[in-house]
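1. Prediction below, plus the sequence it came from.
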Amino acid sequence: MDGDDIARLVYLGLFATVIAGALLLQMRHRMSELARGAAIWVLIFLGAILAVGLWEDIRGTVSPRAAVNQSDGTITIPRAPDGHYYATLDVNGAPVTFVVDTGATGIVLSREDAERAGIDVDGLAFLGQAATANGTVAIAPVRLDSIAFGPIEDRNLSASVNGGELDQSLLGMTYLQRYARIEIEGGKLVLTR
């Protein structure tokens, strides 16, 4: 526990004391209501402390991270609670979170992710078309300088920027085919170079 944590704890203690004092003064004639109100505030306070203390564990469960084994080029991606596999790769040096999509032909970036990767989206020509589950969308071809997944880096890859609404960029087969094996076992997607 560092100085900032102690200061936060002191602040929260003072805040709780002020609230408790105000409740006591307001409800001094109705002690049973005061006890019930105090119990509720104590539970809220303890719940907040518990949530803050367990945030790292909760975040790991809600948004699991891919594990990269550098020695043998194996990447293990845990299945997310929604049933999909998500991976964060560095595209042109910028982190981009993809949904791993074996049904997608290529690498498809959302407009926001393309901008984050340094692509001038306003200067693109959205002349191509792609068939999606939501219908046909306009796409613009781009060339990515680099894509890095942990220590594994590929250069000069073709991709597309989606001209329509795309919540999540897609990591399709033009990238996945670079791996010798793609397996799903025990709720994990395993990519092996």
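-> Arrived safely, thanks for sending. Numbers count the residues shown, from 1 in each chain.
2. Assign a three-state SS to Ser158, would you?
-> At Ser158 the chain is in strand, as set by DSSP: H, G, I helix; E, B strand; the rest coil.
3. Which residues belonging to the longest strand that the chain contains are considered buried?
-> The residue-count maximum for a strand in the chain (DSSP state E) belongs to strand 135-149. Buried residues in strand 135-149, counted by 16 or more other Cβ atoms under 10 Å: Val137, Ala138, Ile139, Ala140, Val142, Leu144, Ile147, Phe149. All C-beta atoms are positioned from the backbone trio N, CA, C, and that covers glycine.
4. got it, and stretch 156-171?
-> For stretch 156-171, by 16+ other Cβ under 10 Å, it's Leu157, Ala159, Ser160, Val161, Asn162, Gly163, Leu166, Ser169, Leu170, Leu171.
5. Also stretch 186-193?
-> Here stretch 186-193 shows Lys188, Leu189, Val190, Leu191 as buried, counting by 16+ other Cβ under 10 Å.
6. next one: that stretch to chain centre, how far?
-> What separates the centre of stretch 186-193 from the centre of its chain is 19 Å, taken as Cα atoms, centre = their mean, to the nearest Å.
7. can you pull the alpha-carbon coordinates of that stretch into PDB?
-> What follows is stretch 186-193, C-alpha atoms only, in PDB (Å, rounded to 0.1, in the frame of the first residue of the first chain):
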ATOM      1  CA  GLY A 186     -10.600 -26.400 -23.900                       C
ATOM      2  CA  GLY A 187     -12.200 -23.000 -24.600                       C
ATOM      3  CA  LYS A 188      -9.000 -21.700 -26.100                       C
ATOM      4  CA  LEU A 189      -7.900 -20.800 -29.600                       C
ATOM      5  CA  VAL A 190      -4.300 -21.900 -30.100                       C
ATOM      6  CA  LEU A 191      -2.300 -20.500 -33.000                       C
ATOM      7  CA  THR A 192       1.100 -22.100 -33.800                       C
ATOM      8  CA  ARG A 193       3.700 -20.800 -36.200                       C
END
